[in-house]
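Visitor: Pasting the sequence and the predicted coordinates here, then a few questions.
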Amino acid sequence: MKKKILFIPLLLISSVILSQEDPFPLIDLHVHTKADFTIEKALQKSRAEHIQYGIAVNCGIGFPVHSGKQIDSFLLGMRKYPEFFVGMQAEGREWVKIFSKESIAKFDYVFTDAMTFTDSKGRRNRIWIKDETWIDDEQKFMDYLVRTIVKIMNEEPINIYVNPTFLPEQMAGRYDLFWTDKRMDAVIDAAKKNGIAIEINNRYRIPSEKFILRAKQAGIKFTIGTNNADSNFGRAEYALEMIKKCGLTESDFWKPVKKNRTVVTIIDDKFYINGEITYKGRYWKGNRIEGLLMNSRMVQGIFDDLNPETVHRWAYPDTKKWDPERNTSEFILNMKKWADHGMLSFTVNLQGGSPQGYSREQPWHNSAFLADGNLRPEYMARLERILNRADELGMVPILGLFYFGQDERLKGEAAIRNAVDNVLNWLFVRGYRNILIEINNEANVKYDHDILKPERVHELIDLVKQKNRNGFRFYAGTSFGGGFIPVPDVVKSSDFILIHGNGVSNPDNILSMVNKTRAVAGYTPKPVLFNEDDHYDFDREWNNLTAAVKGYASWGFFDFRMNDEPFECGYQSVPVDWGINSARKKAFFALLKEITGY
């Protein structure tokens with residue numbers, strides 16, 4: 001970034017606070033592709049309603065999947081949809097004999113219910129079908145149902161019990177009569193004993209508020225589920241109602257760990273996610289979009305200020321206090337909204353960026369590194385939350401390591417190299433394969449360490465490329481200031497080339513930058529990305545974004561809060577409103593959605 005003074009006093013920040021639609025990121029883990037609801041429609045609905053789905057397949061006798069080979073086939077087809085969790089709905093009581101432990105373990109999670117069982121007289125009940133439900137005595141039927149639920153929880157290897165407290169049509173209107181305290185406690189105790197989460201089901205609006213409060217008091221975890229029959233279903237309305245009424249927080253919910261990890265690959269000048277080219281088949285106004293990686297500069301995702309003399313500058317307008325955990329939580333809460341508009345990547349930096357947008361001096365202390373290059377656990381814990389969410393959403397973060405004005409926090413070149421090693425080891429241990437490494441932001445701007453300057457920064461790019469774990473390594477590059485064309489050694493070493501559009505007000509010159517970058521000595525086909533540009537004009541046909549697209553270069557939005565602008569403006573200015581609430585943000589995301597076809 002070009003240096004200039006632009007300090008915005010807190011008093012000028014509007015007291016308007018981002019109103020969040022959801023209390024935390026919502027995940028509906030009980031969604032089926034059935035009837036008219038195809039996987040493509042699931043993508044569209046998830047993106048339109050900003051709620052993540054777990055796609056569950058029915059597995060058992062008489063259901064679509066009834067063998068290990070069919071499980072493998074289903075999961076193979078789901079690999080190209082990293083934004084979904086993938087679940088197994090185990091049907092009937094014989095499913096544990098049909099499928100091997102190895103096949104079951106391939107899913108992100110497994111759930112079942114007691115809606116199919118054989119009663120004491122040998123009759124197979126399917127209690128959602130009136131004519132296939134055998135009720136001789138309602139209370140005895142209910143006792144048998146509860147015993148069946150407890151037996152399932154004790155004996156079947158499931159993570160979630162779904163359609164909980166479901167009653168057949170003949171009894172459903174008298175819910176409280178049948179679901180007594182004793183029966184509720186029997187189910188809750190079994191769930192607690194076996195570490196099984198209870199679904200809050202939107203379709204059937206069960207379990208009751210009383211059951212949920214009782215389960216919460218017992219320490220039970222919950223999930224959100226719908227169990228749709230087709231495309232005609234809502235957006236977790238009952239779950240949201242119960243979250244509010246019962247005072248549930250994110251910590252009350254269980255979340256699976258994805259086995260279909262997001263993996264980014266580069267082939268020539270194109271990006272692929274889980275083997276599928278990005279924006280597959282997409283063209284916009286004659287320009288090829290597939291293979292690009294549209295992004296935004298979101299470098300303050302793990303920001304903190306360790307300088308007690310300056311930390312007060314970043315206080316939130318509502319609380320009058322700075323809170324780094326709130327900052328990261330609100331970042332995470334909005335990530336799906338960004339992705340739903342086609343933004344597949346964002347830059348987050350371990351030393352942030354200017355929290356004022358632009359600044360001449362940086363007295364604040366924002367660094368994930370100690371002086372010797374070791375990592376600060378509290379910073380890395382926040383980063384892990386962001387990277388995990390990106391992995392879940394199929395996003396590809398650009399992880400910046402160093403920022404001018406903060407790099408002097410590390411003492412000597414050995415500390416810089418140690419920092420790079422520590423970050424790579426940290427990433428390897430956690431199994432990430434969706435991260436692009438940006439060594440430093442704008443290497444040609446004043447850095448204290450020679451190895452972070454244009455003449456030598458390629459050494460650190462090469463260092464990243466030399467480190468591998470089980471044959472996997474991270475892609476690496478570095479960026480330069482606005483209008484600067486990368487130097488040959490960096491172009492040659494980089495897996496992708498980062499350039500900035502700051503100070504480049506004529507879109508023609510953006511196109512020229514792309515062409516000049518590809519003409520640098522040592523260039524071979526590889527992606528060219530702008531990951532910072534503070535020019536907008538999104539209502540015009542020809543702007544920096546559209547110029548980059550015309551040159552087949554990815555583009556990154558850099559938004560900061562300008563003088564006299566309210567809180568909702570700017571993604572770099574701290575405190576940050578991570579929502580899409582300002583006119584400028586809305587204009588960017590609207591054009592991005594149009595270009596990417598999301």
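Guide: Yep, that arrived.
Visitor: Let me see the mean pLDDT of stretch 407-414.
Guide: When pLDDT is averaged over stretch 407-414, the result is 97.
Visitor: so what secondary structure elements neighbour the strand or helix carrying K182?
Guide: Secondary-structure assignment from DSSP states H and E places K182 in helix 181-194. With contacts taken as 3 or more C-beta pairs under 8 Å, 6 or more residues apart in numbering; DSSP states H and E, helix 181-194 sits against helix 138-155, strand 197-201, helix 209-217. The C-beta positions use only the backbone N, C-alpha and C, and glycine is treated the same way.
Visitor: closest one to N434 among these?
Guide: With C-beta to C-beta as the measure, strand 197-201 is the member of the helices and strands packed on helix 181-194 nearest N434 (26.5 Å).
Visitor: Show me what that closest one is in contact with.
Guide: 29-30, 111, 159-164, 166, 188, 191, 206-207, 212, 215, 220-227, 238-239, 242, 253-254 (C-beta atoms under 8 Å, 6 or more residues apart in numbering).
Visitor: Quick one: distance of stretch 432-442 to the chain centre.
Guide: 17 Å (C-alpha atoms, centre = their mean, to the nearest Å).
Visitor: Show the contacting residues for the closest residue to I39 other than its chain neighbours.
Guide: Distances taken as C-beta to C-beta, 6 or more residues apart in numbering put T33 closest to I39, at 5.2 Å, once the chain neighbours are dropped. The contact partners of T33, by C-beta under 8 Å, 6+ apart, come to 39, 42, 55.
Visitor: Quick check, the first one in contact with Y81.
Guide: Yes: proximity of I39 to Y81 meets the contact threshold set by C-beta atoms under 8 Å, at 6.7 Å.
Visitor: Next, show the common contact partners of those two.
Guide: I55.
Visitor: These two - which one has more neighbours?
Guide: Y81 (20 against 15; other C-beta atoms under 10 Å).
Visitor: picking that back up, now the residue nearest to I39: how far from Y238?
Guide: Note on T33: its distance to Y238, by C-beta to C-beta, to the nearest Å, is 22 Å.
Visitor: do W314 as well
Guide: 38 Å.
Visitor: and these two? which has more neighbours close in?
Guide: Applying other C-beta under 10 Å to W314 and Y238 shows that W314 carries more neighbours, namely 24 against 17.
Visitor: returning to that earlier point: would you mind putting the contacts of T33 into a markdown table with secondary structure, pLDDT and distance to D462 alongside?
Guide: Below are these laid out as a markdown table (DSSP: H, G, I helix; E, B strand; the rest coil; pLDDT from 0 to 100; distance: C-beta to C-beta, whole Å):
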| residue | secondary structure | pLDDT | distance to D462 |
| --- | --- | --- | --- |
| I39 | helix | 98 | 41 |
| A42 | helix | 98 | 42 |
| I55 | strand | 98 | 41 |
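Visitor: quick one, domains of the chain?
Guide: 27-252, 286-596 (automatic domain parsing).
Visitor: right, so the helices and strands packed on helix 181-194: which one is the most enclosed?
Guide: strand 197-201 (a mean of 25; mean count of other C-beta atoms under 10 Å).
Visitor: follow-up on the earlier one: figure out which of the domains of the chain is closest to D269.
Guide: domain 286-596 (4.8 Å).
Visitor: Can you check the pLDDT for the residue of the chain positioned farthest from its centre?
Guide: Distance from the C-alpha centroid of the chain, by C-alpha atoms, centre = their mean, peaks at D136 (49.9 Å). We note a pLDDT of 97 for D136 in this prediction.
Visitor: Now do the strands in the stretch 1-150 of the chain.
Guide: 27-31, 52-59, 85-90, 109-112, 116-118, 124-126 (DSSP state E, counting those that start in this stretch).
Visitor: so can I have CSV of those showing distance to F472 and mean neighbour count?
Guide: Output for these, formatted as CSV (distance: least, C-beta to C-beta, whole Å; neighbours: other C-beta atoms under 10 Å):
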stretch, distance to F472, mean neighbour count
strand 27-31, 28, 25
strand 52-59, 26, 23
strand 85-90, 22, 26
strand 109-112, 26, 24
strand 116-118, 43, 19
strand 124-126, 47, 16
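Visitor: Compare those and report which one is nearest to Q362.
Guide: Closest among the strands of the stretch 1-150 of the chain, using C-beta to C-beta: strand 52-59, at 36.7 Å.
Visitor: Run through the neighbouring helices and strands of that closest one.
Guide: Checking 3+ C-beta pairs under 8 Å, 6+ apart, strand 52-59 ends up next to strand 27-31, helix 39-49, helix 68-78, strand 85-90.
Visitor: returning to what we had before: can I get the contacts of T33 in CSV including distance to D448?
Guide: Formatted as CSV, those follow (distance: C-beta to C-beta, whole Å):
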residue, distance to D448
I39, 51
A42, 50
I55, 50
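Visitor: ok, G291 touching G281?
Guide: No: using C-beta under 8 Å as the test, G291 is too far from G281 to be in contact (10.7 Å).
Visitor: Columns distance to N441 on top of the helices and strands packed on helix 181-194, output as JSON lines?
Guide: Output for these, formatted as JSON lines (distance: least, C-beta to C-beta, whole Å):
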{"stretch": "helix 138-155", "distance to N441": "52"}
{"stretch": "strand 197-201", "distance to N441": "41"}
{"stretch": "helix 209-217", "distance to N441": "45"}
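Visitor: rewinding a little: can you flag which of the contacts of strand 197-201 belong to strands?
Guide: The strands, defined by DSSP state E, take in 29-30, 111, 160-161, 222-225 from the contacts of strand 197-201.
Visitor: For S296, what are phi and psi?
Guide: Per-residue torsions, S296: phi -150, psi 150 (degrees, to the nearest 10).
Visitor: Once you drop chain neighbours, what's closest to it?
Guide: F557 (4.2 Å).
Visitor: any low-confidence regions in this structure?
Guide: For the chain, the stretches with pLDDT under 70 are 1-20.
Visitor: follow-up on the earlier one: let me know which of the helices and strands packed on helix 181-194 is the nearest to V528.
Guide: Per C-beta to C-beta, nearest to V528 of the helices and strands packed on helix 181-194: strand 197-201, 45.2 Å.
Visitor: and that closest one, how far from the chain's centre?
Guide: Offset of strand 197-201 from its chain centre (C-alpha atoms, centre = their mean): 22 Å.
Visitor: Measure how that strand sits relative to strand 27-31, angle-wise.
Guide: Relative orientation of strand 197-201 versus strand 27-31 (axes from the mean of the first three to the mean of the last three C-alpha atoms, to 10 degrees): 80 degrees.
Visitor: Endpoint to endpoint, stretch 431-444 covers what distance?
Guide: 32 Å (C-alpha to C-alpha, to the nearest Å).
Visitor: just stretch 197-206 next, same as before
Guide: 14 Å.
Visitor: Equivalent analysis for stretch 84-100, please.
Guide: First residue to last in stretch 84-100 (C-alpha to C-alpha) measures 24 Å.
Visitor: now that stretch, how far from the centre of its chain.
Guide: For stretch 84-100, the distance to the chain centre is 27 Å (C-alpha atoms, centre = their mean).
Visitor: hang on, the earlier thing: quick one: the residue farthest from the centre of the chain from P256, how far?
Guide: Taking C-beta to C-beta, one finds D136 at 39 Å from P256.
Visitor: re earlier: more neighbours: which of G291 and G281?
Guide: G291 (20 against 9).
Visitor: okay, now A381: neighbour count?
Guide: 12.
Visitor: no, scratch that, I was asking about R360
Guide: Neighbour count for R360, taken as other C-beta under 10 Å: 12.
Visitor: do the one 4 residues further on as well
Guide: A count of nearby residues for W364, using other C-beta under 10 Å, gives 24.
Visitor: Go ahead and confirm it touches P308.
Guide: No: at 10.5 Å, W364 does not count as touching P308 under the criterion of C-beta under 8 Å.
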